[in-house]
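Trainee: Compute the structure for the input listed below.
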Amino acid sequence: MLKINFKEYEALRAHGQETYPHECCGVLLGKAADGANEVREVVRAGNTRTDSAHNRYNIAPGELIKIQRQARNAGLDIVGFYHSHPDHPAMWSATDIAEAHWIGCSYVITRVAGGNAEITNSFLLQGTGEDDKSFADEAIEILMAEATA
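Mentor: Okay, here's the model as predicted:
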């Protein structure tokens, strides 16, 4: 299960709308606990794909290392990644599975149709390595901020 606050959930969906008709991408920081990836922060990343930005994404290694350091300094881990699918279903593609390497992480995909974020799905990357990795559908629990007194 992926647990995410409403604010962060809306932030990753808004990112997809802003970059439409190109794919957006980013990293989910948090903690894995009790069988769930709990997101505490959504970090936007630049899509470095210039050849097919409308249907592919890539996070530059240097940027990913910077985000990893940011997570470590905050006492968090990378628990997932997100990207958008402009005018395509919020389902993983053959490219998505081929380019997914972080076993145990959540991969969140939002369908952005005509510039509007529609469906958002999450998939957990399972397996022990490249030879047996697979995506499993993952429920998303959206947490509402608690009211303050």
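Trainee: Low-confidence ranges, the chain, go.
Mentor: Applying pLDDT under 70 to the chain flags residues 146-149.
Trainee: mind listing the helices for it?
Mentor: 6-19, 61-73, 94-98 (DSSP state H).
Trainee: which ones are touching residue 143?
Mentor: 3, 4, 5, 6 (C-beta atoms under 8 Å, 6 or more residues apart in numbering). Every residue, glycine included, has its C-beta placed from N, CA and C.
Trainee: right, and residue 130 touches residue 101 too?
Mentor: Yes - counting by C-beta atoms under 8 Å, residue 101 is a contact partner of residue 130 at 7.4 Å.
Trainee: re the thing from before, among the contacts of residue 143, who's most crowded?
Mentor: residue 4 (28 neighbours; other C-beta atoms under 10 Å).
Trainee: gap between the nearest residue to it once chain neighbours are set aside and residue 87?
Mentor: The shortest distance from residue 4 to any non-neighbouring residue, by C-beta to C-beta, 6 or more residues apart in numbering, is to residue 39 (4.2 Å). According to C-beta to C-beta, to the nearest Å, residue 39 and residue 87 sit 26 Å apart.
Trainee: can you check residue 98 too?
Mentor: 21 Å.
Trainee: residue closest to the middle of the chain?
Mentor: In the chain, the centroid-proximal residue (C-alpha atoms, centre = their mean) is residue 82; its distance is 1.8 Å.
Trainee: need the contact list for that residue.
Mentor: Applying C-beta under 8 Å, 6+ apart, we find residue 82 in contact with 12, 15, 24, 25, 26, 27, 28, 42, 107, 108, 109, 110.
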